[in-house]
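Peer 1: okay, predicted coordinates and the sequence, questions at the end:
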Amino acid sequence: MHDRVDPVTEEKESEVKTQDLQQDAAGEEETQEVLKTDALAEIPADEIPEEDFLSNAAEDEIVEEEELLQEETEAETEAEAGTGTEGEAEAETEAAAESPEEAVSVEAANESTGDEESDGPAKKPAFFSNMSLRKKIAVGCGAAACVLGIIYIGIAQTYRTKFIEGTSINGIDAGKKTVPEVEEEIEKTVENYSLKLSFRDNRTETIDGDAIDYQYVSDGGVQKLLDEQNIYTWIGGALFGSEKSYTVGEDTKFDEQKLVEGLSNLPEMKTENQVAPTDAYLLLDETTKRYNIVPETEGNVLNVEAVQAHAKSAVSGSVETVDLAQAADTYAAPAIRATDESLNSQQAALNTFLSTSITYTLPEGTQVLDANVLDGWISMDENGYRYVDEEHIAECVDQYVSDLAAAVDVEKETSTFASTNRGMVEVDNDEFVIQIDQDAEKEQLLGEVLASTVTQREPVYSRKDEAQDPTFGGTYVEIDIENQTVYYYEDGQCLVETPCVTGTGSVPRRSTPTGVFHIYDKQRSRTLYGDIQADGSYGYASFVNYWMRFCGGCGLHDATWRDSFGGDIYWDSGSHGCVNLPYEAAAQMYEIVEEGTPCIVF
């Protein structure tokens with residue numbers, strides 16, 4: 001039998017083993033910390049990722065290994081404590097005795113152990129060797145993680161001078177390209193620049209970039225993007241195909257003077273090829289006699305300064321097309337368009353004015369005042385603007401009525417008269433039998449024209465005798481000199497018949513004038529004076545109660561100084577040209593005869 005192990009010695013060996021395990025764990029932690037510190041030392045402080053997933057993975061693996069080792073240590077300790085009892089030792093000895101070969105092995109093992117204990121420090125049992133392997137695996141894994149992290153960081157460092165895969169700048173694939181390489185690509189696109197100008201009438205012109213020394217100038221935008229690039233996101237573009245697009249300014253420079261010269265040489269900019277715009281205007285339709293709006297024309301006269309400004313702006317911004325036809329300021333524009341409110345109001349006013357129609361009913365037919373005449377009354381200023389000017393219309397109305405009167409008024413030399421006692425007689429007529437009252441007609445017509453009236457009527461007459469009616473319409477005063485009798489007819493009925501005394505027949509200058517006249521005015525209580533004599537006195541002065549003038553200074557009146565009327569009194573003792581009447585007859589006629597009543601003397 002082998003010697004039994006002293007319990008005290010066994011307890012000391014257990015303590016030594018526990019201490020060794022703790023030291024190994026502490027050493028492992030120190031090793032991991034050193035590796036981590038070394039790895040982080042390679043990264044600039046402002047670029048250390050907030051969470052390095054490789055370092056965290058290694059750290060988690062070490063913690064798990066430490067926890068596993070701690071659990072196994074505790075299990076081994078409990079197992080060793082159990083094998084130190086005498087019962088277990090004897091059982092092992094007896095088992096060894098039953099099998100001579102095993103016994104020899106056990107003994108040899110024990111002798112070996114005893115030799116180690118006696119020659120130097122106690123060696124760790126076999127299970128401690130197993131524990132060291134696990135630690136080595138953990139350390140290896142941690143080291144591998146750190147190496148991977150260093151590799152990841154190392155790869156990231158390569159993107160300090162180039163762009164990550166999946167990066168697009170101004171539509172150019174910038175992945176794995178340096179700033180100069182990207183700018184070179186941008187410059188290539190600029191080299192092909194040309195400006196296309198669109199004009200009216202579907203005309204286009206092109207100015208090449210070479211013709212104006214168009215060149216790319218870096219504004220530092222590409223370099224700024226690289227400087228701001230997070231190099232530690234390289235894996236997203238390299239392995240997972242993520243994409244990022246950026247736009248930077250494509251600063252350019254060009255020769256403005258060459259651009260101006262190039263524009264001036266375009267055919268559209270030549271004066272001889274340009275047509276000026278025209279304004280919308282009113283045109284009278286001769287068929288309908290209405291004004292229509294003729295639309296404006298745009299023309300193609302270019303505003304040189306505006307064209308140059310648009311072109312310079314486009315080239316400065318690398319814009320390749322400019323539609324000058326749609327720009328508001330590039331072409332000279334009509335001053336008046338068909339939609340112009342003033343023009344449309346003008347059209348409405350003129351057409352309303354031209355809708356006036358005055359149809360005159362005249363003795364010889366009809367005459368119409370309408371658009372055919374009224375269009376000539378419309379005023380127009382130096383700019384071609386048509387309008388209705390009331391003062392000018394009034395002048396036109398005055399002339400129209402004067403012309404109308406000249407055509408309508410009728411003055412007869414003689415008139416045929418159906419006398420009471422002498423049948424049909426020819427009577428001198430030195431007055432108008434038809435006459436337009438021009439003042440009244442002008443006033444009425446002006447109002448009608450300005451109000452756009454449509455009507456048919458007679459002119460306003462001051463006298464309108466029926467030239468073919470020998471009774472002058474049935475109402476008149478008849479003075480029969482031969483029969484020395486005065487009649488008054490009203491509507492064909494004789495209301496007054498009285499003897500009279502006319503002018504002195506034997507003295508021509510005192511005779512009563514004959515012809516067709518009218519009662520021009522009436523007056524009560526008037527004194528009639530004769531011609532002024534050499535001594536300044538009047539030839540006579542006669543007071544009358546009823547005065548009815550029909551020609552010059554001649555009229556019908558009462559003659560209270562006479563005792564008799566009629567017969568042959570007038571031949572030698574007649575009046576100075578007036579028609580003397582008995583007082584009662586004069587009073588009666590004065591009351592019923594109206595001013596304007598025809599007075600026929602023969």
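Peer 2: Right, received. Where do you want to start?
Peer 1: when you work out contacts or count neighbours from here on, use the C-alpha atoms and nothing else.
Peer 2: Will do.
Peer 1: and the contacts of stretch 448-464?
Peer 2: 352-362, 390, 432-438, 440-441 (C-alpha atoms under 8 Å, 6 or more residues apart in numbering).
Peer 1: buried residues in stretch 322-341?
Peer 2: Residues of stretch 322-341 classed as buried: 322, 324-325, 330-333, 336-338 (neighbour count, 16 or more other C-alpha atoms under 10 Å).
Peer 1: swap in stretch 518-528?
Peer 2: Buried residues in stretch 518-528 (16+ other C-alpha under 10 Å): 518-520, 522.
Peer 1: could I get those residues as JSON lines with secondary structure, distance to S379 and pLDDT?
Peer 2: JSON lines is the format used below for the buried residues of stretch 518-528 (DSSP: H, G, I helix; E, B strand; the rest coil; distance: C-alpha to C-alpha, whole Å; pLDDT from 0 to 100):
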{"residue": "H518", "secondary structure": "strand", "distance to S379": "43", "pLDDT": "91"}
{"residue": "I519", "secondary structure": "coil", "distance to S379": "45", "pLDDT": "95"}
{"residue": "Y520", "secondary structure": "coil", "distance to S379": "42", "pLDDT": "93"}
{"residue": "K522", "secondary structure": "strand", "distance to S379": "47", "pLDDT": "95"}
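Peer 1: ok, these vs Y193, which is closest?
Peer 2: Y520 (100.2 Å; C-alpha to C-alpha).
Peer 1: quick revisit: show the buried residues in the contacts of stretch 448-464.
Peer 2: Applying 16+ other C-alpha under 10 Å to the contacts of stretch 448-464 flags 353-360, 432-438, 441 as buried.
Peer 1: looking at the contacts of stretch 448-464, which are in strands?
Peer 2: Judged by DSSP state E, the subset of those located in strands is 357-362, 432-436.
Peer 1: what sits opposite E490 in the beta ladder?
Peer 2: Beta-bridge partners recorded for E490 (DSSP bridges): Q493.
Peer 1: quick check: it vs V501, distance?
Peer 2: 23 Å (C-alpha to C-alpha, to the nearest Å).
Peer 1: who has more neighbours out of those two?
Peer 2: The residue with more neighbours, out of E490 and V501, is V501; 31 against 16, by other C-alpha atoms under 10 Å.
Peer 1: below-threshold pLDDT in the stretch 201-350 of the chain: ranges please.
Peer 2: For the stretch 201-350 of the chain, no stretch is flagged by pLDDT under 70.
Peer 1: now do 90
Peer 2: For the stretch 201-350 of the chain, the stretches with pLDDT under 90 are 215-221, 231-243, 247-253, 316-318, 328.
Peer 1: got the domain boundaries for the chain?
Peer 2: Under the assignment automatic domain parsing, the domains of the chain span 7-160, 165-334, 355-413+426-463, 471-601.
Peer 1: for the last one, measure first residue to last.
Peer 2: The straight-line separation of the ends of domain 471-601 (C-alpha to C-alpha) is 13 Å.
Peer 1: just give me the longest strand of the protein.
Peer 2: Per DSSP E, the chain has its longest strand at strand 541-551.
Peer 1: just checking, what packs against it?
Peer 2: strand 515-518, strand 521-529, strand 554-558, helix 583-592 (3 or more C-alpha pairs under 8 Å, 6 or more residues apart in numbering; DSSP states H and E).
Peer 1: in the buried ones among the contacts of stretch 448-464, which has the lowest confidence score?
Peer 2: On pLDDT alone, F432 ranks lowest of those, at 65.
Peer 1: contact partners of stretch 318-337?
Peer 2: Residues outside stretch 318-337 that contact it (C-alpha under 8 Å, 6+ apart): 193-200, 250, 252, 276-281, 295-304, 306-307, 310-311, 314, 343.
Peer 1: any of those residues buried? List them.
Peer 2: 193-199, 250, 252, 277-278, 280-281, 296-302, 306-307, 310-311, 314, 343.
Peer 1: among those residues, name the ones in helices.
Peer 2: Residues of these located in helices (DSSP state H): 306-307, 310-311, 314, 343.
Peer 1: mind giving me CSV with the residues you listed and columns for distance to E181?
Peer 2: Formatted as CSV, these follow (distance: C-alpha to C-alpha, whole Å):
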residue, distance to E181
A306, 38
V307, 36
H310, 32
A311, 30
A314, 26
L343, 64
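Peer 1: of all these, which comes closest to I169?
Peer 2: A314 (21.4 Å).
Peer 1: who's in contact with the closest one?
Peer 2: Applying C-alpha under 8 Å, 6+ apart, we find A314 in contact with 195, 320-322.
Peer 1: if we can go back for a sec, mind putting the buried residues of stretch 518-528 into a markdown table with distance to E591?
Peer 2: Listed next are the buried residues of stretch 518-528 as a markdown table, based on distance: C-alpha to C-alpha, whole Å:
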| residue | distance to E591 |
| --- | --- |
| H518 | 16 |
| I519 | 13 |
| Y520 | 15 |
| K522 | 10 |
